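can you look at this prediction? I've put the sequence above it.
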Amino acid sequence: MYGIQTSASLPLTRPQALETQAAAPQSDAPDASAGQTRAAPQGSAAPALAAARAKADELGQAAREVRASVERQTAYETRLAAQRSAAAFSGGEPPQARREAPGAELDEARNAQTVSARLFEGNLKGVAQSGHAMSAEQKQALQSGLDDVFADAPPQARSAGAPMLYSANAAAGQGMADSDLWDMISDQIGKIKDNYLGVYENVVGQYTDFYKAFSDILSQMANWIKPGGDGNKVKLNVDALKAALEKLKKDFSLGDNLDNKKAVLFPAQSKDGGIQGGSESDARKWAKEMGLPDAPPPGFSCVQKAADGNWVVVVDMTPIDTMIRDVGALGSGTELELDNAKFQAWQSGFKAQEENLKNTLQTLTQKYSNANSLFDNLVKVLSSTISSCLETAKSFLQI
């Protein structure tokens with residue numbers, strides 16, 4: 001379903017120099033006798049390199065498909081929530097959700113990316129086993145390209161990419177065999193996919209589910225707001241709204257249920273068993289990376305201890321807590337009558353918290369998009385290097 005593009009057709013900033021650099025004549029090539037010695041392994045490497053390049057380009061395309069799909073789904077959910085909110089406060093009919101198509105599209109794109117990543121890992125193992133030896137220029141180009149990819153990356157991305165950067169530097173300095181370098185890259189590309197990009201994939205998925213549930217509350221609010229006895233008053237079903245918000249909080253926070261997986265953004269949880277947390281330091285690092293609150297008591301922190309005694313990052317309930325507090329301050333009842341000034345003051349505060357929820361979703365989506373772009377650029381650098389190595393391997397067949 002995904003077309004294969006050549007690495008030359010894919011835009012990249014500085015790493016584009018890799019192809020130009022690699023395609024340049026090798027003025028420091030070894031003498032003829034040395035070339036004959038390497039001819040057999042270089043020639044036999046060509047099929048492995050060609051397969052790896054094709055899978056790299058396929059993986060890059062899959063990464064771009066995922067990025068586009070998640071952005072479309074987020075745009076749909078935020079637009080739906082905005083329309084429902086407008087309908088609630090204007091007395092209009094709230095729109096129904098049409099979530100099946102965006103959700104299925106995103107699931108399909110993610111599955112394709114995961115399959116492509118695993119196939120690419122396998123093909124890189126094939127390159128490692130082929131006996132291909134890179135030139136000094138190719139090693140330097142790979143090192144430079146990887147440095148560019150991670151130069152402005154956030155701390156968690158640089159941490160995930162550190163082994164690859166270190167190994168590329170070691171190989172450029174003749175401190176690591178080429179086969180060991182490709183073997184390590186094969187291992188690390190999967191770890192970056194799972195432990196960096198995969199974290200954001202889970203975070204956005206979990207938070208989107210929470211935001212959908214909040215949007216569904218907005219769809220009911222038109223039934224909870226009615227005109228008052230005269231034109232200067234409004235009736236609000238405070239009890240129903242407060243109960244819905246409290247249920248939302250219970251459904252998506254640890255609270256009394258320390259095994260509530262719907263509350264957990266990090267680490268990703270399996271479907272079976274209880275919550276499995278991680279270290280406190282990792283949880284705090286990821287909360288900071290995601291821009292979520294981590295205030296010491298009495299403030300709110302998204303870093304919390306789970307049932308297993310380890311640490312997790314949970315959904316930020318600060319806006320929901322504020323909504324519950326503010327609607328409770330109005331009073332109680334199924335038809336609490338408020339004058340327009342009091343209603344509008346409450347409405348303004350409610351909408352401000354609603355905007356905070358939307359901004360968090362959009363921020364997390366943008367961070368996920370950035371992580372996908374970094375992963376895509378990483379694959380492009382590897383694809384470009386493989387293309388250069390393939391041209392070298394082919395040249396040995398023509399000796």
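Good, I have the coordinates. Numbers count the residues shown, from 1 in each chain.

contacting residues for S369?
67, 70-71 (Cβ atoms under 8 Å, 6 or more residues apart in numbering). From N, CA and C alone the C-beta is placed, and that goes for glycine too.

select from these the one having the most neighbours.
V70 (24 neighbours; other Cβ atoms under 10 Å).

name the SS class of it, please.
Using DSSP: H, G, I helix; E, B strand; the rest coil, the structure places V70 in helix.

check the gap between it and D209 for me.
Separation of V70 from D209 (Cβ to Cβ, to the nearest Å): 13 Å.

can you add pLDDT and distance to M134 and give the contacts of S369 back as a markdown table?
Compiled in a markdown table, those are given as follows (pLDDT from 0 to 100; distance: Cβ to Cβ, whole Å):
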| residue | pLDDT | distance to M134 |
| --- | --- | --- |
| R67 | 92 | 30 |
| V70 | 93 | 35 |
| E71 | 92 | 37 |
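
quick one: which of these is nearest to D294?
In terms of Cβ to Cβ, no member of the contacts of S369 lies closer to D294 than V70, at 25.0 Å.

wait, what's in contact with the closest one?
Neighbours of V70 in contact, by Cβ under 8 Å, 6+ apart: 106, 204, 365, 368-369, 372.

can we see that at 10 Å?
102, 105-106, 109-110, 200-201, 204-205, 208, 365, 368-369, 372 (Cβ atoms under 10 Å, 6 or more residues apart in numbering).

distance check, it against G231.
V70 is 45 Å from G231, where distance means Cβ to Cβ.

got it, and Q156?
When distance is defined by Cβ to Cβ, Q156 is 55 Å away from G231.

who's more crowded, these two?
Neighbour count, other Cβ under 10 Å: between Q156 and G231, Q156 has more, with 19 against 8.

just the pLDDT for the more buried one.
pLDDT recorded at Q156 is 92.

same question, W286
For W286, pLDDT reads 96.

tell me, how many residues neighbour the nearest residue to it once chain neighbours are set aside?
Of all residues beyond its chain neighbours, the one nearest W286 is F266 (4.7 Å), with distances taken as Cβ to Cβ, 6 or more residues apart in numbering. A count of nearby residues for F266, using other Cβ under 10 Å, gives 26.

now for F266: which residues touch it?
Counted by Cβ under 10 Å, 6+ apart, F266 has contacts 199-200, 202-203, 206, 277-278, 282-283, 285-287, 289-290, 292, 302-303, 311-314.

try it again with 6 Å
Each residue near F266 by Cβ atoms under 6 Å, 6 or more residues apart in numbering is listed here: 199, 286, 313.
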